[in-house]
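1. fold the following for me, if possible:
(chains A and B)
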Amino acid sequence: MADKIATREAYGNALADLGSIYNDVVVLDADLAAATKTGIFKKKFPERFFDCGIAENNMFGVAAGLAASGKIPFASTFAMFAAGRSFDQVRNSIGYPHLNVKIAATHAGISVGEDGATHQCNEDLALMRTIPGMVVINPSDAIEARCAVEAAIKYVGPVYMRFGRLAVSVINDNPEYKFEIGKGITLAKGTDVTIVATGIMVEQALIAREMLASEGISAEVINIHTIKPLDTELIVASAQQTGAIVTTEEHNIIGGLGGAVCEAVSGICPVPVVRHGVEDVFGKSAPAKDLIEHFSLNAKGIVEKVKLALTMKI
Amino acid sequence: MNSEKLSELKKLAAEVRLGAVEAVYNGKSGHPGGALSAADVITCLYFSELNINPDDPKNPDRDRFVLSKGHSCPALYAAMALRGYFDISGLKSFRHLGALMQGHPDMKTIPGIDMSAGSLGQGFSCACGMALAGKINNKDYRTYVMIGDGESQEGQIWEATMFASHYKLDNLCLIIDNNGLQIDGRVEDVMNPMPYESKFEAFGWNVITIDGHDVEQICDAFEKARSVKGKPSVIIAKTVKGKGVSFMENEAGWHGKAPNDAEYAQAVKELTEYENSLN
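-> Numbering: from 1, shown residues only, chains lettered A, B, ... in the order given. Below is the predicted model of the structure:
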């Protein structure tokens, strides 16, 4: 397995590489280029990089104007400020006119670590997916992050991408791997329960599956990198076989992947859904690995939720 | 500018006012006050200043106009209809279900609207993006954006003010429709953003102050703005909210209210008499 790499790092590298092919790509940042990794693009294409200063709301408006004039702007800041502070700008200046803006938000979730609750956005997936026409992508590793960036460039319309600060394992380094917006990926088959995972929880779901297997429980694992449009077909087909779902995400259990999956299955295939994630509380300051442990955002936490789900099966 | 053109612009501005009032009356809701204060500037943009073609509304080389104070769209719709973007009868369906003319401008439904706007403070930033794209692409087009003076209380306005100056967007022209009133009363009583002149000068802008109802001054200001290189220009247009309809003038209550039948008849009478007097 390759060395660990943060999805934000993969994002910055992808931008710099793909910038040579896609000349209309321009990049905006709000004084965080060193952290969001757009600085990698800036170094290579200084004439296509525009720092907007600590003024995110203006940045998203500028991005809208650039997109309305034929450019493909990537606008980056932390998830907290992209989805949180600038929700109105993203909704009204980008979402409503359906402009071709790529919002690349980094430092999502509690794995931000020491900066604490003010900088740990556990609400962005919920906020962004309520905007009509917004594509919402949450990659699980560096390979998926790179594919998401290229797919976002090729796709015409607004896209929100969620990247993390923490270096994470590369899990998609296999020749069959294929990224398509809106298509979930079944990583492992199983019969007793379906674990629907997104972002950095995908790796933990695979580890949880091994732990469950040793106890004789067979779990199917689906990687949902696109929260919207959600691959309802894949999730429902799996749930029909297994009869129970556990969702897992580094996000509030309200409104994100868990919410989306509940909405998707309730009308078509109502099975028990147990949501694993941040349980409607704010984060706190600590090293990321300690927070992951504290909030049980790990394989052990998923295993517990699977056992709960199994007790609820009809 | 010759006197013939000036008198044509005056007549057109009167027709834009009539169209704006007609739209709000038929919509039974809308914002007449700010539409009437902005009518002369919008008329001069669409009939004199903007390099545009209603038959080719997406031309990448066209000038852009963003009405950041989107609620004043009845005047924009009237000007665009008169300019040939769509049939003037469309004004009657303003704010109705299925209408082209939404309560605030929607670039998806109307070709020629360069940016959807309505949530105050945002259109100015979008215009900055358009001007920046022009610089990146080495295009000669200019971008115009109008904000209200109540709107200038939004923090995002000053973010955009910094941005336009920092990136030397001399292809950008901001117009402040300085009518002095907002929903809760006089702008200077609610939350005073004035004086604009010294603020914009401090931010590095070229500042031009005019009577926003004098079409000659408006056209001259656009010409001056075009000639200034290396920095963006702002035209502070001193206007009267509700201009042209006696009972709406300088009345904050007419910010967002439709006239009843008698008020509409009176407004049409006054505006028509004024138009007929222009000969």
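
2. tally of neighbours for the closest residue to chain A within the stretch 151-279 of chain B?
-> When scored by Cβ to the nearest Cβ, the stretch 151-279 of chain B has B:Glu159 as its residue closest to chain A, at 3.5 Å. Using the backbone N, CA and C atoms, a C-beta is placed for each residue, glycine as well. Neighbourhood size, B:Glu159 [other Cβ atoms under 10 Å in any protein chain shown]: 25.

3. same question for the helix or strand where it lies, mean pLDDT?
-> Assigned by DSSP states H and E, B:Glu159 falls within helix B:155-166. Mean pLDDT, helix B:155-166: 98.

4. next SSE after that helix?
-> Past helix B:155-166, the next helix or strand by DSSP H and E is strand B:172-178.

5. spell out which parts of the stretch 1-150 of chain A neighbour chain B.
-> A:26, A:47-48, A:50, A:52-53, A:55, A:57-71, A:73, A:88-89, A:92-93, A:96-98 (Cβ under 8 Å from any Cβ of the partner chain).

6. from those, list just the buried residues.
-> A:26, A:48, A:50, A:52, A:55, A:57-69, A:71, A:73, A:89, A:92-93, A:96-98 (16 or more other Cβ atoms under 10 Å in any protein chain shown).

7. quick one: the helices in the stretch 151-279 of chain B, in order.
-> B:155-166, B:187-190, B:196-202, B:215-227, B:261-277 (DSSP state H, counting those that start in this stretch).

8. so of these, which one's packed in deepest?
-> With neighbours taken as mean count of other Cβ atoms under 10 Å in any protein chain shown, the helices of the stretch 151-279 of chain B reach their highest mean count in helix B:155-166, at a mean of 22.

9. if we can go back for a sec, by how many degrees do the helix holding B:Glu159 and strand B:172-178 diverge?
-> 140 degrees (axes from the mean of the first three to the mean of the last three Cα atoms, to 10 degrees).

10. outside of helix B:155-166, which residues touch it?
-> A:52-53, A:55, A:57-58, A:61-62, A:89, B:121-122, B:124-125, B:127-128, B:131, B:147, B:151, B:169, B:172, B:174, B:199-200, B:203-205, B:231-232 (Cβ atoms under 8 Å, 6 or more residues apart in numbering or on different chains).

11. which of those fall in strands?
-> Those of the contacts of helix B:155-166 mapping onto strands are B:147, B:172, B:174, per DSSP state E.

12. what does chain B put close to chain A?
-> Close to chain A, as judged by Cβ under 8 Å from any Cβ, chain B has residues B:60, B:64, B:66, B:106-108, B:114-116, B:118-119, B:121-134, B:136-137, B:155-156, B:159-160, B:162-163, B:166-167.

13. list buried residues within those.
-> B:64, B:66, B:106-107, B:114-116, B:118-119, B:121-134, B:136, B:156, B:159-160, B:162-163, B:167.

14. residues in contact with the residue lying closest to A:Ile217 once chain neighbours are set aside?
-> Residue nearest to A:Ile217 in three dimensions, not counting chain neighbours: A:Asp192, with 5.2 Å by Cβ to Cβ, 6 or more residues apart in numbering or on different chains. Residues near A:Asp192 by Cβ under 8 Å, 6+ apart: A:212, A:217-219, A:242, A:244, A:310.

15. now, which of these lie within strands?
-> A:Ala219.

16. could I get the contacts of A:Asp192 as TSV with distance to A:Ile181 and pLDDT?
-> As requested, those are exported to TSV (distance: Cβ to Cβ, whole Å; pLDDT from 0 to 100):
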residue	distance to A:Ile181	pLDDT
A:Leu212	30	98
A:Ile217	32	98
A:Ser218	30	98
A:Ala219	26	98
A:Thr242	25	98
A:Ala244	28	98
A:Leu310	33	98
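
17. scan the contacts of A:Asp192 and report the most crowded one.
-> In the contacts of A:Asp192, the most neighbours by other Cβ under 10 Å go to A:Ala219, 28 neighbours.

18. hang on, isn't that residue packed against A:Val196?
-> No - taking contacts as Cβ atoms under 8 Å, A:Ala219 lies outside contact range of A:Val196: 10.8 Å.

19. could you list which of the residues of chain B next to chain A belong to helices?
-> Of the positions in those, B:122-134, B:136, B:155-156, B:159-160, B:162-163, B:166 sit in helices, assigned by DSSP state H.

20. where along chain A do the strands fall?
-> Assigned by DSSP E, chain A shows strands spanning A:25-29, A:49-51, A:72-78, A:102-106, A:135-137, A:159-162, A:185-188, A:193-197, A:219-223, A:226-228, A:245-252, A:273-278.

21. most tightly packed of these?
-> strand A:193-197 (a mean of 31).

22. so what are the sheet partners of it and their directions?
-> strand A:219-223 (parallel), strand A:245-252 (parallel) (DSSP bridges).

23. okay, now the unreliable bits of chain B?
-> Applying pLDDT under 70 to chain B flags no residue at all.

24. what's near enough to touch residue 41?
-> Just going to use chain A. By Cβ under 8 Å, 6+ apart, the contact list for A:Phe41 reads A:12, A:15-16, A:19, A:27, A:48-49.

25. you answered for a different chain; I wanted chain B.
-> B:146, B:175, B:177, B:212, B:218, B:235, B:237, B:239.

26. isn't the last one up against B:Asn179?
-> Yes - using Cβ under 8 Å, B:Thr239 makes contact with B:Asn179 at a distance of 4.5 Å.

27. overlap of the contact sets of these two?
-> With Cβ under 8 Å, 6+ apart as the test, B:Thr239 and B:Asn179 both reach B:Ser37.

28. what's around whichever residue of the stretch 151-300 of chain A sits closest to chain B, how many residues?
-> Here the residue of the stretch 151-300 of chain A nearest chain B is A:Gly157; by Cβ to the nearest Cβ that distance is 11.9 Å. Other residues lying near A:Gly157 total 16 when counted by other Cβ under 10 Å.

29. what pLDDT is listed against it?
-> For A:Gly157, pLDDT reads 98.

30. cool, A:Asp3 as well?
-> In this model, A:Asp3 carries a pLDDT of 87.

31. and it, how many neighbours does it have?
-> Neighbour number of A:Asp3 under other Cβ under 10 Å is 8.

32. repeat for A:Ile94
-> A:Ile94 has 32 nearby residues by other Cβ under 10 Å.

33. and what of A:Gly216?
-> Per other Cβ under 10 Å, the neighbour tally for A:Gly216 reads 7.

34. what residues of stretch A:298-309 count as buried?
-> Buried, per 16+ other Cβ under 10 Å, within stretch A:298-309: A:298-299, A:301-303, A:305-306, A:309.

35. out of these, which sit inside helices?
-> Residues of those located in helices (DSSP H): A:299, A:301-303, A:305-306, A:309.

36. and the residue of the stretch 101-250 of chain A found nearest chain B, what's its pLDDT?
-> Sorted by distance to chain B under Cβ to the nearest Cβ, the residues of the stretch 101-250 of chain A start with A:Val101, at 9.5 Å. At A:Val101, the pLDDT value in this model is 98.

37. shouldn't it be in contact with A:Gly65?
-> No - the criterion here is Cβ under 8 Å, and A:Val101 misses it with A:Gly65 at 9.8 Å.

38. where does pLDDT dip in the stretch 1-150 of chain A?
-> Using pLDDT under 70, the stretch 1-150 of chain A drops low at A:1-2.

39. which stretches of it form helices?
-> With DSSP H, counting those that start in this stretch as the criterion, the stretch 1-150 of chain A has helices spanning A:7-18, A:33-36, A:39-44, A:56-68, A:79, A:87-89, A:124-129, A:142-154.

40. how distant is the fifth one from the center of its chain?
-> In this view, helix A:79 has its centroid 10 Å away from the chain centroid, taken as Cα atoms, centre = their mean, to the nearest Å.

41. look through chain B and tell me its longest helix.
-> Chain B, longest helix under DSSP H: helix B:3-27.
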